[in-house]
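Colleague: pasted the sequence and its predicted model underneath.
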Number of protein chains: 2
Amino acid sequence: MARWEPDARERLVRAAVDLFSEQGYDNTTVVQIAERAGLTKSTFFRHFPDKREVLSAGQEIFSGLLADGIATAPDSATPLEAVAAALDSVATAMAPQRRDFAPKLTAVVAASPELRERNALKRARLAEVMADALQQRGVPDPTATLAAELGVLAFDRGFDRWIEPANQRPFAEVAREVLVELHAAATALG
Amino acid sequence: MARWEPDARERLVRAAVDLFSEQGYDNTTVVQIAERAGLTKSTFFRHFPDKREVLSAGQEIFSGLLADGIATAPDSATPLEAVAAALDSVATAMAPQRRDFAPKLTAVVAASPELRERNALKRARLAEVMADALQQRGVPDPTATLAAELGVLAFDRGFDRWIEPANQRPFAEVAREVLVELHAAATALG
DNA sequence: CTGAGTGATGGGACTTTGTCTCATCACTGT
DNA sequence: ACAGTGATGAGACAAAGTCCCATCACTCAG
C-alpha cells in the first residue's frame, strides 16, 4: 500500500473537469477541486502552476511528439509530408480513453474565456514547435511557418472530427484527411 | 476646465507601459499603475477588465477594420484579394504615432508570458473575425479559415517589418508584400 | 438661484489566485 | 532503531479582481 493515494495529479484533473462541468469554471475554486480530489490547495499548486493549466497540462506531450515526427521524417519528405508524419506521431497519444474524455473537456473549455485563452497559447506553442522543427530540416522561413500553421489546423480540425460520436477512424487517418483538404485549399487560393 | 484630468484611459496605458518597461510586468502592481496615472485601483478596473488588457485593449479596433475591409471588397475579389483589402483597411489605424509606440510595447509583451498569452488570444480572435467575414462572402469553410490565417500571418509579420527602424514604407504596402510572399509559399507547398 | 440628477472617481471590504515557508508523516535503506 | 526522503498539510501573505457605497464637480430644469 502506498504512502498516499496514488495518481494525485489525475484525481485533480478529474475533479476539475467534473466541477467545471457542474458549476462552471468561474464558480469553481481551487480549494473545491482539491477537496474533491481529497487534497489541499497547496498540493494543487504543486502539480499545476495555475488553475487553467489543470486542463491543458496533458497537451504538453503533443509538442514533443510533433517535433519528433518532423525531425525523424525522411530527408526526401516535403514540408507537408513532414507535417503529415508529425500528425502520425502525435496520433500515438490519441488513445480511445482520451477520446471518451474529450467531449466533456472541450465543452468545458468552450464555455470559459480563460480556458479558451490558455488554449490559444497552447495552439501557438504547437505552431512554433513545428515551425522550428521544419526550419531545422532546412525549410525556409515563410514556408516553415505556413506548413506549421496547416499542421496545427489539421490537428485541431482532425481532433474535432475524431471525437465526433459517429467517427470510427483513428486520429492519424482523420488528421491526414484534413491536411489534404487544407493543402488543396491552399493551392487553390489565388 | 474639465471635472477630472482628461484621458484617464490613455494615462493608464502609458503608466503601465512605462512601469512594465522599468521593472517588468510581474513586478508591477495595478495599484502602482493607477498611482502613476494619478488614479486608483478602482478606476483602473473600470477602464480595463484585467491587468493584461491594458496593453491589448487598443487592438480591438483592428477586428472591426479587418471585417469591414473584407465585407466591402468587390464581389469579384478572390479570398486573398479580400484579405489584402482587409490589410489596407486596417492600415488606416497604423498611424506614425502608433509606430513610435510599438517597439517598447512589443518588447514588454515579449518579456511577459501572461501578455504573450493574451496576445495569442487576440490573434485567434482576428483570425476568427476574418474567417467569418470571408464565409459571409460565400467562401467555403476550409478556404476561408486558411485565407484568414494567411491574413493574420501577414498582419503580424507585416507589423514586425513596419516597426523596424529602417523601414519607411506604409503598413499597407509592407503587409501586402508579406501576403504575396505567403501566397507564393502556399502554392509551392506540395 | 437652487436643488435634484449625472457620471467619473475614491475608498474599502471581500473573495480568490498564487507564493512561500515550515511542519508532518509514512515509508526506505543502512 | 533511526536518519533521510518526498509528497502532502497548514497557514501567512501579496496581489488580482469584484462589489457597493460615498464623494464631488458639473449640468440642467424650475
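Modeller: Alright, I've got the coordinates. Numbering: from 1, shown residues only, chains lettered A, B, ... in the order given.
Colleague: got the angle for the helix ranked longest in chain A vs helix B:113-136?
Modeller: Counting residues, the longest helix found in chain A (DSSP state H) is helix A:113-136. Helix A:113-136 and helix B:113-136 are oriented at 90 degrees to each other (axes from the mean of the first three to the mean of the last three C-alpha atoms, to 10 degrees).
Colleague: how far does helix A:113-136 sit from its chain's centre?
Modeller: 9 Å (C-alpha atoms, centre = their mean, to the nearest Å).
Colleague: run the contact check for that helix versus chain B.
Modeller: Yes: using C-beta under 8 Å from any C-beta of the partner chain, helix A:113-136 reaches chain B at A:116-118, A:120-121, A:123-124. For the C-beta atoms, the positions are set from N, CA and C on the backbone; glycine is no exception.
Colleague: with stretch A:21-29 instead?
Modeller: No: applying C-beta under 8 Å from any C-beta, one finds stretch A:21-29 separated from chain B by no less than 13.1 Å.
Colleague: end to end on that stretch, go ahead and measure it.
Modeller: One end of stretch A:21-29 to the other measures 13 Å (C-alpha to C-alpha, to the nearest Å).
Colleague: that stretch near DNA strand D anywhere?
Modeller: No: using C-beta under 7 Å from any atom of the strand, we find that stretch A:21-29 stays clear of DNA strand D, coming within 8.7 Å at best.
Colleague: contacts for that stretch?
Modeller: A:16, A:19-20, A:104, A:107-108, A:111-112, A:114-115 (C-beta atoms under 8 Å, 6 or more residues apart in numbering or on different chains).
Colleague: ok, stretch A:5-20 next?
Modeller: A:28, A:32-34, A:36-39, A:43-44, A:47-48, A:54-55, A:57-58, A:101, A:104-105, A:108, A:111-112.
Colleague: switch the cut-off to 6 Å
Modeller: A:28, A:32-33, A:36-37, A:44, A:47, A:54, A:108 (C-beta atoms under 6 Å, 6 or more residues apart in numbering or on different chains).
Colleague: check stretch A:151-161 too.
Modeller: Residues outside stretch A:151-161 that contact it (C-beta under 6 Å, 6+ apart) are A:83, A:123, A:126-127, A:130, A:174-175, A:178-179, A:182.
Colleague: out of these, who's the most crowded?
Modeller: residue A:83 (32 neighbours; other C-beta atoms under 10 Å in any protein chain shown).
Colleague: residue A:107 - how many residues pack around it?
Modeller: Count around residue A:107 with other C-beta under 10 Å applied: 12.
Colleague: returning to what we had before: what packs against the longest helix of chain A?
Modeller: Secondary-structure packing of helix A:113-136 (3 or more C-beta pairs under 6 Å, 6 or more residues apart in numbering or on different chains; DSSP states H and E): helix A:60-71, helix A:141-162, helix B:113-136.
Colleague: average pLDDT across the shortest one?
Modeller: Model confidence over helix A:60-71, given as mean pLDDT, is 96.
Colleague: now the angle between helix A:113-136 and the next helix or strand along the chain from that helix, please.
Modeller: Once the chain leaves helix A:60-71, the next helix or strand it forms, by DSSP states H and E, is helix A:79-91. Counting by the same axes, to 10 degrees, helix A:79-91 lies at 130 degrees to helix A:113-136.
Colleague: poorly predicted segments of chain A, please.
Modeller: Within chain A, the stretches with pLDDT under 70 are A:1-3.
Colleague: repeat that with 80
Modeller: The model of chain A has pLDDT under 80 over residues A:1-6, A:57, A:190.
Colleague: what parts of it come near DNA strand D?
Modeller: Near DNA strand D, when you scan chain A using C-beta under 7 Å from any atom of the strand, you find A:3-4, A:8, A:34, A:38-43, A:46-47.
Colleague: which of these count as buried?
Modeller: The neighbour-count test (16 or more other C-beta atoms under 10 Å in any protein chain shown) applied to these identifies A:8, A:34, A:39, A:43, A:47 as buried.
Colleague: which residues touch the last one?
Modeller: Listed by C-beta under 6 Å, 6+ apart, the contact set of residue A:47 reads A:9, A:12.
Colleague: if we go to 10 Å?
Modeller: When contacts are counted by C-beta atoms under 10 Å, 6 or more residues apart in numbering or on different chains, residue A:47 is found next to A:8-13, A:34, A:37, A:39, A:53-54, A:57.
Colleague: over to residue A:7: give its phi and psi.
Modeller: phi 60, psi 40 (degrees, to the nearest 10).
Colleague: before we move on, the earlier item: give the buried residues for the longest helix of chain A.
Modeller: Within helix A:113-136, judged by 16+ other C-beta under 10 Å, the buried ones are A:114-127, A:129-131, A:133-135.
Colleague: next, the angle helix A:60-71 makes with it.
Modeller: Going by the same axes, to 10 degrees, helix A:113-136 makes 20 degrees with helix A:60-71.
Colleague: tabulate the CA atom coordinates of helix A:113-136 in PDB.
Modeller: Listed next in PDB are the C-alpha coordinates belonging to helix A:113-136 (Å, rounded to 0.1, in the frame of the first residue of the first chain):
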ATOM      1  CA  PRO A 113     -12.900  32.600 -21.700                       C
ATOM      2  CA  GLU A 114      -9.900  31.900 -19.500                       C
ATOM      3  CA  LEU A 115      -9.600  28.300 -20.700                       C
ATOM      4  CA  ARG A 116     -10.000  29.400 -24.300                       C
ATOM      5  CA  GLU A 117      -7.200  31.900 -23.800                       C
ATOM      6  CA  ARG A 118      -4.900  29.200 -22.400                       C
ATOM      7  CA  ASN A 119      -5.900  27.100 -25.400                       C
ATOM      8  CA  ALA A 120      -4.900  29.800 -27.800                       C
ATOM      9  CA  LEU A 121      -1.500  29.900 -26.200                       C
ATOM     10  CA  LYS A 122      -1.000  26.200 -26.400                       C
ATOM     11  CA  ARG A 123      -2.000  26.300 -30.100                       C
ATOM     12  CA  ALA A 124       0.600  29.000 -30.800                       C
ATOM     13  CA  ARG A 125       3.200  26.900 -29.000                       C
ATOM     14  CA  LEU A 126       2.500  23.900 -31.100                       C
ATOM     15  CA  ALA A 127       2.800  26.000 -34.300                       C
ATOM     16  CA  GLU A 128       6.100  27.400 -33.000                       C
ATOM     17  CA  VAL A 129       7.400  24.000 -32.300                       C
ATOM     18  CA  MET A 130       6.500  22.600 -35.700                       C
ATOM     19  CA  ALA A 131       7.900  25.700 -37.500                       C
ATOM     20  CA  ASP A 132      11.200  25.300 -35.600                       C
ATOM     21  CA  ALA A 133      11.400  21.600 -36.400                       C
ATOM     22  CA  LEU A 134      10.800  22.300 -40.000                       C
ATOM     23  CA  GLN A 135      13.400  25.100 -40.100                       C
ATOM     24  CA  GLN A 136      15.900  22.700 -38.700                       C
END
